[in-house]
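>>> Just the structure for this:
(one chain, ligands or ions: 1)
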Amino acid sequence: MCGIVGFTGRLQAAPILLDGLEKLEYRGYDSAGIAVAAGGGARPDGTAEGGDARPDSTAEGGDAQAAGSAAAFARPDSESAIEIVKAKGRLKVLREMTDDGRSVPGTCGIGHTRWATHGEPSVVNSHPHCAKNKRVAVVHNGIIENYQDIRARLTKEGFTFLSETDTEAAAHLLDKYYSGDPVEAIGKMMFRIRGSYALGILFADRPGEIYAVRKDSPLIVGRSEEGNFIASDAPAILRYTRDVCFIPNLEIVKLTGTEIHFYNVDQEEVEETFSQVSWDTEAAEKGGFAHFMLKEIYEQPKAVRDTVSPRISEGHVNLEELGMSQEELAKISRIQMVACGSAYHVCMTAKYMVEQTARVPVDVDLASEFRYRNPVMEKDTLVVVVSQSGETADSLAALREAKKLGYRVLGIVNVVGSSIAREADSVFYTWAGPEISVATTKAYSTQLAAVYLLAIGLGRAKGVIGEAAEKEMTAELMRLPEKIERILEEKERIQWFANKFSYSRDIFFIGRGLDYASSLEGSLKLKEISYIHSEAYAAGELKHGTISLIEDGILVVGVATQSGLFEKLISNMVEVKSRGAYVLGVTSYGYYSMEDVANYTVYVPKTMECFAASLTVVPLQLLAYYMALGKGLDVDKPRNLAKSVTVE
Ligand code: F6R
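Model (predicted):
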C-alpha cells in the first residue's frame, strides 16, 4: 500500500524523504512524490540555517521523461511556499529528477509512494495533492469512502479538482476549513470524511511544521536530535531514529523540528508515550542476499527459534502473556480464526493442529468474509486474528466485529504496537523481525509456530494431552529451526528443478489434511511472485471437476507427510500422472515409495506429523522464489501487490 514519510528539522528534507521512501518500496507502489516547504535554508554541510533561504534557482520545470516512465515536474508557482515534485514509476525517476533531493531545498517536507486505488497510476494522480495555490499539500494512505460526495459538493462551491483520487477531497476540505489554525481545520475535516486515512499535511503559511492524522491506517512519529519524522512504517526512519510512537487512532499530531504535540478529536492536547523499536537498520537491509525474500527464507530458523524458545521452559508451554488462567483456557469451547492470504493458510493449518491436539472445534474464516457475515458463535468462543503487519484492514475490521459481538480476541501479530496488537484483548507476538519482502515467508513460519504453542497449551489446559506428550511436542518444536536449516543446505535440488519449470503455464498443488493447508500456501507463494497460474486442491477433491484441466506436461506438486493419508495421496498422484502430469513429490525422509510415482522428489527431515507444515513450506517457498527468478522477475516487488493491505 502507499508509503508516507515526513521530516522537519535541521537537515535538508528531500534526501531524507527519498531515502525513507526507498525503504518503503517493498510495500508496492506505482508513482512517488515529495512536497517540501520553504523556510530554513541549507548550509553546505547539509544542516539548516534559520530564515527562508530558498535559492533563486528553483528546480527545473517542464516535463521530464525518464526510462520509459512518464514523469512531470510541478514548477513551483511564485505565490506558493511549497514545492512539489512527482513522478510515475520507480523511485529512481524521482531521484534523477531532483538530483537525489538536492534540487528541492528546504528542511520540512512530506513524501509518498502511491499504490493506485482511485485513478490510474499517473503523475496527476500521484501524491502530494494540493489545494489552490498550494496553500495545503497532502499525502494519504487509505481510502476516503465518501470522496465522490465531497467532490460534488466542493465543485459546486467552486473548488477545482485536477486528479481522480479520493485524496484530493481531503486537500480541498482542509483548504476550505483552514483559517489559521491547522488542528481546527483537520478536526473539521475528520468530521466530513469517512473511510480510512493516514495523512501527512503541510500548510504553506506554517513553515517548519508537519501535521498528521490517522484513522484505521498506520502512521508513526519518530523523534531525533536532528528533527522529527512521520512514517507509515518504521523501516522508513530507522536510519535516523528508533524512538517512535504509533499515533493512536483518530489523533492529530503537530511536529516542528524540536517539538511533537498530540491532540484528540476534540482538539485537546494529549500526552503519548514513545517506545524504542528493537529492530536495527540491518534487519531491514538485504545483508548480501539478492532479495529480501531469500534473506527472509534464510532467517526462518532464527525467527522460529525466537518465537518458540521464550515460551517454553522445562518442556512446558507458557501462555501467560494471553492473560488467561488455566481455567479460562479450559473453558474455551470453540475457536474462530480469521485472517487474510497466507495468514489465512496458517489458520487452516491451525484447524487441523488445534482440533487434534486440544479437541476444540476450530472455524476458519477469511477476514473479508467474516466481517460481513453476521456470524453465529458460541458463548465461550475465542476469536484469533492472525496478521503479520497487524494493520490489514479486513483483519482489523473482523477483530472489531468480534469485539462488538462480545467475544474475547487474541491477536497473533508480528508488528509490536500495531493496530491489531493494540485492539486485541491479548497479543501473542511472533518474533520474526521486520519482514520486507511482499511475499511472506518468515512471518508465516512464526505464525505456524505460534499456533502450535497455542494448540499445545490449550491441549494441556483441557487435559487432552498429558505432561509426557507436552514434553515430547515442545522438544520437537525446539528442533524445528535446525531442521529448516538442513532443508536450506539442500536448496540446490529445488533450485535446479525450479529453473527447469520456470516457464510452466499452470501448476497444481495437491495435499490432504495438513498437507492441503501447506499446498494452499505453496500455490499462493508461486502465483504472487512468478505470475504462474496455480491452484491448490484437497487431493480427494480433484476428481470432482478440476482433474479435467490435467493434460500432458502439466506440473502437479503433491505434498505428502501424513502417514494415515500417504497412500491416498499417492493414488491421487497416480491419477494425475496417468493423465500426462509431471509430478513433483514433497515428502519426509522415510517415505521413499514416493519415488515410485513422482518424477522428482524433494525430501524434508522427519518431524512429528503435526509440525510437518513448517518444513514442507520451505521447499515450496524456494520453488516459487527460483521460478520467479528464472523468469527474470523482481521477486521483492511483484506487480499489483502491496505488503500491508491497509485498504478494504
Ligand atoms: C502473501 C502475503 C499476504 C498476507 C496477507 C495478510 O505472501 O503476504 O497474503 O499474508 O495480506 O497480511 P497480514 O499478515 O499482514 O495481515
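
>>> Up against the ligand, what does the protein have?
Within the chain, the residues that sit near the ligand (Cβ under 6 Å from any ligand atom) are 340-343, 387-389, 392, 395, 439-440, 524, 528, 644-645. In short, each C-beta sits where N, CA and C put it, glycine included.

>>> For the stretch 51-200 of the chain, which segments count as helices?
With helices called from DSSP state H, counting those that start in this stretch, the stretch 51-200 of the chain shows them at 91-97, 147-156, 167-177, 182-192.

>>> For the single nearest residue of the stretch 201-350 of the chain relative to the ligand, which non-adjacent residue is spatially closest?
Taking Cβ to the nearest ligand atom, the ligand has its nearest neighbour within the stretch 201-350 of the chain at residue 341, 1.8 Å off. Among residues not flanking residue 341 along the chain, residue 524 sits closest, at 6.7 Å (Cβ to Cβ, 6 or more residues apart in numbering).

>>> ok, now which ones touch the one you found?
Contact analysis of residue 524 by Cβ atoms under 8 Å, 6 or more residues apart in numbering lists 341, 342, 345, 536.

>>> again, but for residue 399
Contacts for residue 399 (Cβ under 8 Å, 6+ apart) come out as 338, 383, 385, 409, 411, 420, 423, 424.

>>> Tell me which of those residues fall in helices.
With DSSP state H as the criterion, helices contain 420, 423 from among those.

>>> Tell me which two in the contacts of residue 399 are the farthest apart.
The largest separation in the contacts of residue 399, counting by Cβ to Cβ, is between 338 and 423 at 13.4 Å.

>>> Comparing those two, which residue is more hemmed in?
residue 338 (30 against 17; other Cβ atoms under 10 Å).

>>> Beta-bridge partners for the more buried one, please?
residue 365, residue 385 (DSSP bridges).

>>> so it makes contact with residue 398?
Yes - counting by Cβ atoms under 8 Å, residue 338 touches residue 398, with 4.4 Å between them.

>>> Parallel or antiparallel, list what pairs with the helix or strand encompassing residue 35.
Remark: residue 35 resides in strand 31-37, with elements defined by DSSP states H and E. Strand 31-37 has its sheet partners listed here by DSSP bridges as strand 82-88 (antiparallel), strand 108-114 (antiparallel).

>>> Go ahead and measure how far that strand is from the middle of the chain.
23 Å (Cα atoms, centre = their mean, to the nearest Å).

>>> could you dump the strands paired with strand 31-37 to a markdown table with distance to residue 158 and mean pLDDT?
Below are the strands paired with strand 31-37 laid out as a markdown table (distance: least, Cβ to Cβ, whole Å; pLDDT from 0 to 100):
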| stretch | distance to residue 158 | mean pLDDT |
| --- | --- | --- |
| strand 82-88 | 21 | 93 |
| strand 108-114 | 26 | 94 |
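
>>> Comparing those strands, which comes out most buried?
Of all those, strand 108-114 has the most neighbours on average by mean count of other Cβ atoms under 10 Å, namely a mean of 30.

>>> Okay, the closest residue to residue 197 other than its chain neighbours and the ligand: tell me how far apart.
Nearest residue to residue 197 in three dimensions, chain neighbours excluded: residue 142, at 4.1 Å (Cβ to Cβ, 6+ apart). Distance check for residue 142 against the ligand: by Cβ to the nearest ligand atom, to the nearest Å, it reads 16 Å.
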